[in-house]
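K.L.:
Let's see this in three dimensions:
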Amino acid sequence: MERWSKQLPDGRYYVPGAPETLPQGYGGAAVERLAAFENVYAGLLAAQQQIAAELQELRAADKTKSARFKGLLAYKLTNQNLLDLFASQGL
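P.N.:
Residues are numbered from 1 along each chain as shown. Prediction:
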C-alpha cells in the first residue's frame, strides 16, 4: 500500500493536494480512503458481535471441541488483534 500521508517536522500529518469541497463537506481520494478504513473497522466490530453470539450458541450446545467452535475462536482472536492494533494507533 502506498502511503499518502506525510509527516511534518512537528509530528502532525497531511495529505498532499486539496480535498474536494462538496455541499455536504469534503470528498476526494483521501476521504474515500478514510471511509474504506472506517468500513473495515465497522465490519470488524460487527463480526465480533456475530462471532460472540455464535460461540455462545456452540457453548450452550456443548460443542466447544468442534472444528467450527475452534475456527470461530481463532477468527475472533484475529479480529481482536486487528482492533487492538487500530486502538494502539488511536483509531
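K.L.:
Go ahead and flag the most central residue of this protein.
P.N.:
Tyr41 (2.4 Å; C-alpha atoms, centre = their mean).
K.L.:
Tell me the spacing between it and Leu22.
P.N.:
Per C-beta to C-beta, to the nearest Å, Tyr41 is found 23 Å from Leu22. No exception for glycine: its C-beta is placed from N, CA and C like everyone else's.
K.L.:
Same check on Gly71?
P.N.:
43 Å.
K.L.:
Could you do Glu32 as well?
P.N.:
As judged by C-beta to C-beta, Glu32 and Leu22 stand 12 Å apart.
K.L.:
Gly11 looks like it's in a strand, true?
P.N.:
No. Membership of Gly11 in a strand is not supported by DSSP: H, G, I helix; E, B strand; the rest coil, which gives coil.
K.L.:
residue boundaries of the strands in this structure?
P.N.:
Along the chain, the segments classed as strands by DSSP state E run 6-7, 13-14, 20-22, 25-27.
K.L.:
The residue nearest to the centre of the chain reaches Leu91, doesn't it?
P.N.:
Yes. Because the distance of 7.0 Å satisfies C-beta atoms under 8 Å, Tyr41 is recorded as touching Leu91.
K.L.:
in the lengthiest helix in the chain, what's buried?
P.N.:
In the chain, assigned by DSSP state H, the helix with the most residues is helix 29-60. Using 16 or more other C-beta atoms under 10 Å as the test for burial, helix 29-60 gives 30, 48, 51, 55, 58.
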